[in-house]
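Visitor: no sequence for this one, just the structure:
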């Protein structure tokens, strides 16, 4: 059993993320904490952000947080200590950073396979598996 689990979710793939949650919950020990994270992509280059209104990024992150909170409220059972986190940047980098900063024992994440069947994992899951300091439980979606 794990005391702390990091569960990255993509709220745009609800069925896959529910499957990851279903796998994570039995792994969470009594009194454990489930950290649910979702990563909002960054604009990247400054030239790109110049095309958006000044407050767009702040408003986008606030809306992203509302959507994540709604997902957590709808899918995480009562009695589970859960902490949602909105991250901002490159998906795999932010997952790895959060896992270290939150000092989690385990990362449970879904693997969205690209269209090419030769790949075992999607690019974000593969990078997390290769570079994480924690064990990673990969859930096929």
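Guide: Right, received. Where do you want to start? Remember, predicted model here, so these are calculated numbers, not experimental data.
Visitor: Point out the other elements, helices or strands, that the lengthiest strand in the chain touches.
Guide: The longest strand of the chain (DSSP state E) is strand 28-40. When contacts are defined as 3 or more Cβ pairs under 8 Å, 6 or more residues apart in numbering; DSSP states H and E, strand 28-40 packs onto strand 2-8, helix 56-75, strand 81-88, helix 91-101. Heads up, the C-betas are built off the backbone N, CA and C, glycines and all.
Visitor: Can you point out the buried residues in it?
Guide: Residues of strand 28-40 classed as buried by neighbour count (16 or more other Cβ atoms under 10 Å): 28, 32-40.
Visitor: Pull up the pairing partners for it, direction included.
Guide: Note on strand 28-40: by DSSP bridges, its sheet partners are strand 2-8 (parallel), strand 81-88 (parallel).
Visitor: Now tell me which helix or strand of the chain has the poorest mean pLDDT.
Guide: Within the chain, confidence by mean pLDDT, DSSP states H and E is lowest for helix 46-49 among all helices and strands, at a mean of 56.
Visitor: residues making contact with the longest strand of the chain?
Guide: By Cβ atoms under 8 Å, 6 or more residues apart in numbering, the surrounding residues in contact with strand 28-40 are 1-11, 24-25, 60-61, 64, 67-68, 71-72, 76, 80-91, 94-95, 98, 102, 104.
Visitor: Give me the secondary structure label for the nearest residue to residue 90 once chain neighbours are set aside.
Guide: Closest residue to residue 90 apart from its sequence neighbours, by Cβ to Cβ, 6 or more residues apart in numbering: residue 42 at 7.3 Å. When classified by DSSP: H, G, I helix; E, B strand; the rest coil, residue 42 comes out as coil.
Visitor: which residues sit in contact with residue 42?
Guide: Counting by Cβ under 8 Å, 6+ apart, residue 42 makes contact with 88-90.
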